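Asker: coords below, sequence missing:
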C-alpha cells in the first residue's frame, strides 16, 4: 500500500520543519533549505515495490543536500524523472539540469545536491546499489542526463510513469531499462535518434502539456540547435507554434466529446490540453473549428 506524507497535516508555522522530517523518513538523511517557511507546500506518496520503491514528489522551491556521512540509508541509487518544473543535480563534480521528461541518477552513498528554483513535481525510483551495478557495464554515471526521446530512454520514461499504483512486477523491468540506459553512451543514443519533422512532432505530442514546451525545449531533447528545429518545420503546412496549437486543440476537442470527461468544465479541459489562458483557448477554438467548445459536449 502506498504511504503519503503532506505538509497540510500540520499548522502553517510548522510546515517546513515537517517537510524536513518527511523527506528524511521517505528517503534518506537530507537537509532541505528554502526561504519559504510558513505555509510551505509539499507532499510525497511512496509505493513499495519489494526491494525497490517509487515516490511521487510535489513541492516548492528549495535546495536539498545529502550529508557527507552517507549513512542512515540502504546503499543504492535514485533515478529522478522530472515531471514539471526544472531542477539541477550535482554529484561527483558533475552538474546536470533536468527539464520535464529528463531522467538522471544519484548515488545514496556519496554527497549530492538538488536545486529546485520553483514549484516542481518528480518521480523518484529507488534501486538497490548491488542490483543496478550488476546490470550496468562500467561505472554508474550519476548526475548525467539520460536521453529519453527514443529507444531505451523513452521506454524507461514510460515505464517509470506507469509504476505508481501499478504492478510491482514491473519494477525489475524498470531497473533493467535504467541499467541499459546508463550503459549506453549518450552520444550513441543521440546518433540513433531520428532528427526529422516527424520526430519533432512526436516530441511535441509527448510534451504537449509541459509548461516549457518550446523550440529550445524540443531542440534540447533532440540534441539539435533551435535553428534546426525551425528548419524541420520549414516547408511544412504548419510552423512549430501552429503545430503545438493544433495538437492542443485536437486534444481538447477529443476530451470535449468524451462522455467520461463530461463532468469537467471547459476551462479544465483547456488547461489539461496545455492552454494557460481560457480566453485564448476559446478564441483559437472558434477560429479552428468555427464554433464554441461547448457545442462538442455530449
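Answerer: Looks like it arrived, so ask away. Model, not experiment: these values are computed from the prediction.
Asker: Please work out the average pLDDT along the helix or strand that contains residue 249.
Answerer: Using DSSP states H and E, the element containing residue 249 is helix 240-257. The predicted model gives helix 240-257 an average pLDDT of 91.
Asker: That one: which residues count as buried?
Answerer: For helix 240-257, burial by neighbour count (16 or more other CB atoms under 10 Å) applies to 240, 243-245, 247-249, 251-253, 255-256. (Glycine included, C-beta is placed from N, CA and C.)
Asker: what's in contact with that helix?
Answerer: Defining contact as CB atoms under 8 Å, 6 or more residues apart in numbering, one finds that helix 240-257 is touched by 200-201, 204-205, 208, 213, 215, 218, 229-230, 233, 236, 238, 261, 264, 266, 269-270, 272-275, 281, 284-285, 288-289, 293, 296-298.
Asker: Of those residues, keep whichever come out buried.
Answerer: Taking 16+ other CB under 10 Å as the criterion, what is buried in the contacts of helix 240-257 is 200-201, 204, 208, 213, 215, 218, 229, 233, 264, 266, 269-270, 272-275, 281, 284-285, 293, 296.
Asker: Please list the members of those that lie in helices.
Answerer: Of the positions in these, 200-201, 204, 215, 218, 229, 233, 266, 269-270, 272, 281, 284-285 sit in helices, assigned by DSSP state H.
Asker: Take those and write them to TSV, including distance to residue 17.
Answerer: Written out in TSV, the entries for those read as follows (distance: CB to CB, whole Å):
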residue	distance to residue 17
200	46
201	47
204	42
215	42
218	41
229	45
233	50
266	41
269	39
270	38
272	35
281	41
284	45
285	46
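Asker: What is the least confident helix or strand in this structure?
Answerer: Here the helix or strand of the chain ranked lowest by mean pLDDT, DSSP states H and E is helix 186-192, holding a mean of 51.
Asker: sorry, back to before: which one of the ones in helices among the buried ones among the contacts of helix 240-257 is nearest residue 32?
Answerer: Of all those, the one sitting nearest residue 32 is residue 272; the distance, using CB to CB, is 30.5 Å.
Asker: Below-threshold pLDDT in the stretch 151-298 of the chain: ranges please.
Answerer: 185-195 (pLDDT under 70).
Asker: could you pull out the helices for the stretch 101-250 of the chain?
Answerer: Listed from the start of the chain, the stretch 101-250 of the chain has helices (DSSP state H, counting those that start in this stretch) covering 129-133, 151-162, 171-183, 186-192, 197-206, 215-222, 226-233, 240-257.
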